[in-house]
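Participant: Quick one: sequence plus predicted model below, questions after.
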Amino acid sequence: MRYIPVDEAQVGDRIAEAIYSENGRVLLPVGARLSEAVLSRLSGWGVDRIAVDGEEMPSDEQTRILLEALDHRFTGHEEDPLMMRIKDAARSHLTRHH
Amino acid sequence: MDRDQIRTRIEEAGNLPTLPDVVIRITEMADRAETTGRQLGLEIAKDQVISAKVLRLVNSGFYGFSQPIATVPHAVTLLGFETVKTLVLGSTVLDMMKDALPGLWEHSMACARTSALIAEHALLDDVQEVCTAGLLHDLGKVVLRQSMEDAFRTVVSLVQERDWLFVEAEEHVLGAHHGHFAGWLLEKWGLPDRLVRPIADHHNFHEDQPFARSTAVVHLADILCRAEALGRGGDRKIPRLNPAALEILGMAIDDVLGVMERMSEEMRDIRRV
C-alpha cells in the first residue's frame, strides 16, 4: 500500500484504505478501482490524499508530501518564534521516521 | 440561531443516543457522597458492554499504566471516581467519533497521551483526569454533528473552501465553538468543573480562568498533536500557542521539545494523515 496525492492517482488504481466523506459516509470501499468519473470527483469530495495498492512510495517522496503539509499547517505563524521552534522539532521527527 | 438556542438544542441533544439506564444509575451513585469506589466499580461491572468499553480505554496505552487493568473496580481505584464516570459517559460518544471526522479518533487518542506526558512533566496533581480531558477535548465536534447537522456541513465546507481552522468556521457560522458545545453537554451531564473547563476552554486559554493549569495542558497537547500530524482535527491548520500556557505550567520551550521527542517515539504508529 502507498499514499499518493489525489492529483497523482490514475484510472485503475485500487483503493487500499476506504475513503470517507467529511461526514463519515464511505465514498469508496477498500478494493474499489478508480474510474475516470470517480477520479474527477475525488478532489471535489475534499480528499487530498488516498491509499492505493502498490509499492510503498520512495521515502523521499513521502517525506516531501509530509513536509508540504507541515508548511501549510504553520502558515501564518512565521513571525511567532515559539511556533517556529515547534515546527522545526516536528520537521525533524517527520524526516527521521521517513 | 442565537447562543441560547444553540445551547438548548445541544442540551436536549435529540440525536445523541439516550444514555443507557446503567449510565444514569452509575452517575447517580457517583454523585452520592457515601458511595465507595468498590460499589461503583461493581455496579459498572454488571454491564458488560460498558465495562468492556471502559477497560479498553483504560488499557489503550495513553494512561501509561505498565500492567494491564483487568477489572472495573481496579480501574476506579487507579483512576478515581470522576475519571471513570467521565469514561462511562464519554464512551457512548467516543464511538461516534470514529464516524464524525476522518482522523479525529487518532487525534483524540494522541491528545490524551500527550496531555498525560505534559501533566507529568508539569507535576499536575491529577494526571489521569487531565488525560481524560485531553481524550474528550474535541467531543464538541461530535456533538455539533449529531445535534445540528446542517451547521456541521456548513462548517466543514467553509474549512475546505477557505482553509480556515475548524474553530474559526464554527465561530463564523454559530458564534460559538466545539469547546462551548462540549462544555454545555458535560455540565448538563453533571461532570465537575475541573474536567469540564479544560475541554470547554482549550481554544480560549487564559491564565486567570478556573483550572487554568489543566486547561493549559490540553491547549498545548492539541497544538503539539497537530504539529506532529498525529490524527486530524478536521482542518489543515494549527491554532497559535498562547505563551502564557507555558508560563503557568512552568515549562520552557526546551521542555516542550522534550515532550515532542517522547510523543514522536511513543506514537509513531498512529497514522500520520
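Facilitator: It's in. Numbering: from 1, shown residues only, chains lettered A, B, ... in the order given.
Participant: CA only for contacts and neighbour counts going forward, please
Facilitator: Noted.
Participant: Please report how far residue A:42 lies from residue A:65.
Facilitator: Taken as Cα to Cα, to the nearest Å, the spacing of residue A:42 relative to residue A:65 amounts to 18 Å.
Participant: my bad, should have said residue B:133
Facilitator: When residue B:133 is compared with residue A:65 (using Cα to Cα), they lie 32 Å apart.
Participant: In terms of packing, which of those two has more residues around it?
Facilitator: residue B:133 (32 against 15; other Cα atoms under 10 Å in any protein chain shown).
Participant: Count the neighbours of whichever residue of chain A sits closest to chain B for me.
Facilitator: Distance from chain B to each residue of chain A (Cα to the nearest Cα) is smallest for residue A:73, at 4.1 Å. For residue A:73, the count of nearby residues is 20 (other Cα under 10 Å).
Participant: That one and residue B:238 touch, don't they?
Facilitator: Yes - counting by Cα atoms under 8 Å, residue A:73 does reach residue B:238; the two are 5.7 Å apart.
Participant: joint contacts of the two?
Facilitator: Here residue A:73 and residue B:238 have residue B:227 as joint contacts, going by Cα atoms under 8 Å, 6 or more residues apart in numbering or on different chains.
Participant: ok, the residue of chain A closest to chain B - contacts?
Facilitator: Contacts of residue A:73 were listed using Cα under 8 Å, 6+ apart, and they are B:227, B:236-238.
Participant: Determine which two of those are furthest apart.
Facilitator: Every pair in these was compared (Cα to Cα); the two farthest apart turn out to be B:227 and B:236, at 10.4 Å.
Participant: So which of the two has more stuff around it?
Facilitator: When residue B:227 is set against residue B:236 and neighbours are counted by other Cα under 10 Å, the residue ahead is residue B:227, at 23 against 20.
Participant: Report how many residues lie close to the nearest residue to that one once chain neighbours are set aside.
Facilitator: Distances taken as Cα to Cα, 6 or more residues apart in numbering or on different chains put residue A:90 closest to residue B:227, at 6.0 Å, once the chain neighbours are dropped. A total of 24 residues lie near residue A:90 under the criterion other Cα under 10 Å.
Participant: which of the residues in whichever strand or helix holds residue A:90 are buried?
Facilitator: Following DSSP states H and E, one finds residue A:90 within helix A:81-97. By neighbour count, and taking 16 or more other Cα atoms under 10 Å in any protein chain shown as the criterion, the buried residues in helix A:81-97 are A:82-83, A:86-87, A:89-91, A:93-94.
Participant: for stretch B:67-80, same thing?
Facilitator: Within stretch B:67-80, the residues scored as buried using 16+ other Cα under 10 Å are B:71-76, B:78-80.
Participant: Turn the residues you listed into JSON lines, columns for pLDDT and secondary structure.
Facilitator: What follows is the buried residues of stretch B:67-80, written out as JSON lines (pLDDT from 0 to 100; DSSP: H, G, I helix; E, B strand; the rest coil):
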{"residue": "B:71", "pLDDT": "85", "secondary structure": "coil"}
{"residue": "B:72", "pLDDT": "85", "secondary structure": "helix"}
{"residue": "B:73", "pLDDT": "84", "secondary structure": "helix"}
{"residue": "B:74", "pLDDT": "86", "secondary structure": "helix"}
{"residue": "B:75", "pLDDT": "85", "secondary structure": "helix"}
{"residue": "B:76", "pLDDT": "84", "secondary structure": "helix"}
{"residue": "B:78", "pLDDT": "83", "secondary structure": "helix"}
{"residue": "B:79", "pLDDT": "81", "secondary structure": "helix"}
{"residue": "B:80", "pLDDT": "79", "secondary structure": "coil"}
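Participant: These: which ones sit near chain A?
Facilitator: Counting by Cα under 8 Å from any Cα of the partner chain, the subset of these that neighbours chain A is empty.
Participant: And the furthest pair within those?
Facilitator: Across the buried residues of stretch B:67-80, no pair lies farther apart than B:71 and B:80, at 13.6 Å, counting by Cα to Cα.
Participant: tally of neighbours for residue B:3?
Facilitator: Using other Cα under 10 Å, residue B:3 has 12 other residues around it.
Participant: isn't it right next to residue B:171, touching?
Facilitator: No - using Cα under 8 Å, residue B:3 is not in contact with residue B:171; the gap is 10.8 Å.
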